[in-house]
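> Here's a sequence, model it:
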Amino acid sequence: MADAPRCDHTVAWTALRGHFEAHGRDLDLRTAFADDPRRFERFTLQAPEVFADLSKNRWDEVTRRLLTELAEACQLPQRRDRMLAGEPINTTEGRAVLHTALRAPRGAGAHSAEVHDVLDRMLAYADSVRAQAGTTYTDIVNIGIGGSDLGPRMAAIALQPFCHPGLRLHFVSNVDGHDITPVLQGLKPERTLFIIASKTFTTQETMANAQVAREWFVAHGGQDTARHFVGVTTNLKAAAEFGIRDTFGFWDWVGGRYSLWSAIGLPLAIAIGADPFRAFLAGARAMDEHFAGAPLAQNLPVQLGLLDVWYRNFHGFTSRSVAPYHQGLSRLPAYLQQLEMESNGKGVDVDGHTLPYGTSPVVWGEPGTNGQHAYFQMLHQGTDVVPVEFIAVKTPSHGHGDLHTKLLANCLAQSQALMLGKTAAEAATERAPTASPTLDRDVLAKHRSFPGNRPSTTLLLSALNPRSFGALIALYEHRVFTSGAIWGINSFDQWGVELGKALCNQLLPRFASGDAAGLDASTAGLLAMLRAG
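Take a look at the predicted model:
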């Protein structure tokens, strides 16, 4: 099934291994900057809406050249072009991967007529809801999970300054009743619109919450279910049986974690309106064109994906922290967890062979400056090296300029501190007001030293708006594709989520019956404890 050599079977991979052993392992960023006054200039890239400083990463010109040669050897351009052309690169499910078609202008992408038919209808519906804001509707509740929740939830927070002031957005995803209950408590049924987002209209968590929402709606005097519930689904029959009249579908060539651009984006479209939503799509389209046409060495998503391979497979770094220095991007790390780890958390290649190297890193993070008072201690002085991705926005949407200056100064200071560190000799010359006066000076200096040489990337947006946000999310999508293609895996299936679902369905009737036959001792014991009065 594979149409290109696997990365570890290429000459470029062997060359990278030799380069790593000879030069890459011990590359010191402080020395690299001292030796090359133009390092910042050499290792920065401009893509649509996103400027990237890659200079504080542990690589040099040779590393970058060899990684780019690896991309060529693994036929990354051909794999990319096959995806964009709509070939069924999701081989385990026999599907095309065409989320890029969702943001192509009319007539410029695959399935254009049907894509724009749904888009036009969805945006017209969104604007009709907005026209009734404050009267018919005051609250919009999106019920979904995974890609049907993470994407629109993240985007609504990111683009809050562009949202309709007369509408409140709520998101329910967890099947835990502690998620939906506090949301319903603050609503009036006659002023609420529920969006039920499930392609098949069978997703267990989503449909359980949808049933609770409908029962609450009826019990509290709600009238006209069809006016207050809308479906994002292809199962029109099930939606109609539920009482839903208006539905918007999407297609099997749109994976859940890539579906924000589709009708799954309905809550975002209602929040920001048709024209800003089209700007959101246009920003992603601009990044698509950059990914499709820029030379590999100047292609930002490609270079980021190659850096991920360099760190994961040569340096052995197992995680990456994402630190957006903008509160609007507070849910970006959670979104990226699904995008990257569900896509590339695979242990076999496209031919089913067990991989002898690591794939997806663990992706995690928090917004700055909150993270500085939580986990940055480990980043600076811990035993593991964790590459950090800082995201900064030049111009805020608020009027508190002093706060924003402090935020940006913190962002730059953290990446600088990770790189520079502090020696024990330097620490010994400083006064530490909170230090114990009886502690030996040299011991204290060791506690207050920082190893430095810890890598980071900084992504810079001029402003956080629909267009730049669309470009940023598309950048991450193509980055994930790049590393997955190098590793030779299928980034577009997610069989890892199936086993737990199947076992859950088998366990559910046992909670009623108490039957523990055939269960392992742990599961049987826990079941008995949970059923005990």
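
> CA only for contacts and neighbour counts going forward, please
Noted.

> so G147 makes contact with R257?
Yes. Judged on CA atoms under 8 Å, G147 makes contact with R257 at a distance of 4.3 Å.

> continuing past the longest helix seen in the chain, what's the next helix or strand?
If you go by DSSP state H, the chain has its longest helix at helix 466-487. Remark: after helix 466-487, the chain's next helix or strand is helix 498-513, criterion DSSP states H and E.

> residues of that following helix that come out buried?
L507, R510 (16 or more other CA atoms under 10 Å).

> Can you name the element that comes right after that helix?
Per DSSP H and E, the first helix or strand lying C-terminal to helix 498-513 is helix 521-531.

> And what about Q46, helix, strand or coil?
strand (DSSP: H, G, I helix; E, B strand; the rest coil).

> separation between it and V62?
Distance check for Q46 against V62: by CA to CA, to the nearest Å, it reads 21 Å.

> Kindly report the same for A517.
A517 is 61 Å from V62, by CA to CA.

> just L296 next, same as before
Look at L296 and V62: by CA to CA, they are 15 Å apart.

> On the pLDDT front, check D3 for me.
Note on D3: pLDDT of 73.

> tell me which element it is part of?
When elements are assigned from DSSP H and E, D3 belongs to no helix and no strand.

> Give me the phi and psi for L193.
Note on L193: its backbone torsions stand at phi -120, psi 130 [degrees, to the nearest 10].

> Make sure it is actually in contact with V141.
Yes. Using CA under 8 Å, L193 is in contact with V141, at 6.2 Å.

> What are the buried residues along stretch 470-482?
470-482.

> Helix, strand, or coil at the spatially most distant residue from the centre of the chain?
Within the chain, T438 marks the point farthest from the mean C-alpha position, 47.9 Å out by CA atoms, centre = their mean. Classification of T438 by three-state DSSP places it in coil.

> quick one: it from Q416, how far?
32 Å.

> And F171, by the same measure?
37 Å.

> Domain-wise, how is this structure divided?
7-88+280-421+448-493, 99-279, 422-447 (automatic domain parsing).

> Tell me which of the ones you listed lies nearest to L507.
When the domains of the chain are compared by CA to CA, domain 99-279 sits nearest L507, at 13.7 Å.

> number of nearby residues for the closest residue to F33 other than its chain neighbours?
Computed as CA to CA, 6 or more residues apart in numbering, the closest residue to F33 that is not its neighbour in sequence is R39, at 6.1 Å. By other CA atoms under 10 Å, the residues close to R39 number 17.

> Spit out the contact partners of R39.
For R39, the contacting residues are A32, F33, S55, by CA atoms under 8 Å, 6 or more residues apart in numbering.

> measure it to P451 for me?
21 Å.

> now do L519
Using CA to CA, we find L519 at a distance of 50 Å from P451.

> where does L460 fall, helix, sheet strand or coil?
strand.

> what sits against it?
V50, F51, A52, I391, A392, V393, K394.

> coming back round to it: export the domains of the chain to JSON lines and append columns for distance to P509 and mean pLDDT.
Converted to JSON lines, the domains of the chain look like this (distance: least, CA to CA, whole Å; pLDDT from 0 to 100):
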{"stretch": "domain 7-88+280-421+448-493", "distance to P509": "29", "mean pLDDT": "98"}
{"stretch": "domain 99-279", "distance to P509": "15", "mean pLDDT": "97"}
{"stretch": "domain 422-447", "distance to P509": "55", "mean pLDDT": "95"}
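
> that older thread, state the pair within the contacts of L460 that is farthest apart.
Spanning the widest gap among those are A52 and K394, at 13.1 Å by CA to CA.

> if you count what's nearby, which of those two comes out ahead?
A52 (19 against 13).

> got a list of what the more buried one touches?
A52 sits next to T44, L45, Q46, L300, T457, T458, L459, L460 when contact means CA under 8 Å, 6+ apart.

> Between those residues, identify the one with the most neighbours.
Going by other CA under 10 Å, L300 tops the contacts of A52 with 28 neighbours.

> residues in contact with that one?
Going by CA under 8 Å, 6+ apart, L300 touches L45, Q46, A47, A52, F291, L475.

> Give me the neighbour count for R320.
R320: 21 neighbours (other CA under 10 Å).

> pretty sure it is in a strand, no?
Yes. When classified by three-state DSSP, R320 is found to be part of a strand.

> Pairing-wise in the sheet, spell out the partners of it.
Beta-bridge pairing for R320 (DSSP bridges): V363.

> Name the nearest residue to the residue positioned nearest the centre of the chain, sequence neighbours excluded.
Centroid-nearest residue in the chain: L336, 1.8 Å away (criterion: CA atoms, centre = their mean). The shortest distance from L336 to any non-neighbouring residue, by CA to CA, 6+ apart, is to V363 (7.0 Å).

> now that neighbour: how far from T369?
18 Å.

> Need the contact partners of stretch 524-533.
Stretch 524-533 has contacts (CA under 8 Å, 6+ apart) with F511, G514, A516.

> Now with 6 Å, please.
A516 (CA atoms under 6 Å, 6 or more residues apart in numbering).

> Return the set of buried residues in it.
So, applying 16+ other CA under 10 Å, buried residues of stretch 524-533: A524, L527, A528.

> Let's have the residues you listed in JSON lines, adding distance to A445 and pLDDT.
JSON lines is the format used below for the buried residues of stretch 524-533 (distance: CA to CA, whole Å; pLDDT from 0 to 100):
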{"residue": "A524", "distance to A445": "53", "pLDDT": "97"}
{"residue": "L527", "distance to A445": "53", "pLDDT": "97"}
{"residue": "A528", "distance to A445": "54", "pLDDT": "97"}
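
> Quick check: of the residues you listed, which lies closest to A432?
Using CA to CA, the buried residues of stretch 524-533 come closest to A432 at L527, 53.5 Å.

> thinking again about what came up before, state the distance from the residue nearest to F33 to G18.
23 Å.

> And the strands in this structure, which stretches?
44-47, 50-53, 139-143, 168-172, 192-197, 229-232, 247-248, 319-325, 362-365, 388-395, 456-463 (DSSP state E).

> Name the stretch among the ones you listed that sits most buried.
Across the strands of the chain, averaging neighbours per residue (mean count of other CA atoms under 10 Å) puts strand 229-232 on top, at a mean of 26.

> Tabulate the buried residues of stretch 470-482 (JSON lines), appending distance to G488.
Below are the buried residues of stretch 470-482 laid out as JSON lines (distance: CA to CA, whole Å):
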{"residue": "G470", "distance to G488": "27"}
{"residue": "A471", "distance to G488": "26"}
{"residue": "L472", "distance to G488": "25"}
{"residue": "I473", "distance to G488": "23"}
{"residue": "A474", "distance to G488": "21"}
{"residue": "L475", "distance to G488": "20"}
{"residue": "Y476", "distance to G488": "18"}
{"residue": "E477", "distance to G488": "16"}
{"residue": "H478", "distance to G488": "15"}
{"residue": "R479", "distance to G488": "14"}
{"residue": "V480", "distance to G488": "12"}
{"residue": "F481", "distance to G488": "10"}
{"residue": "T482", "distance to G488": "10"}
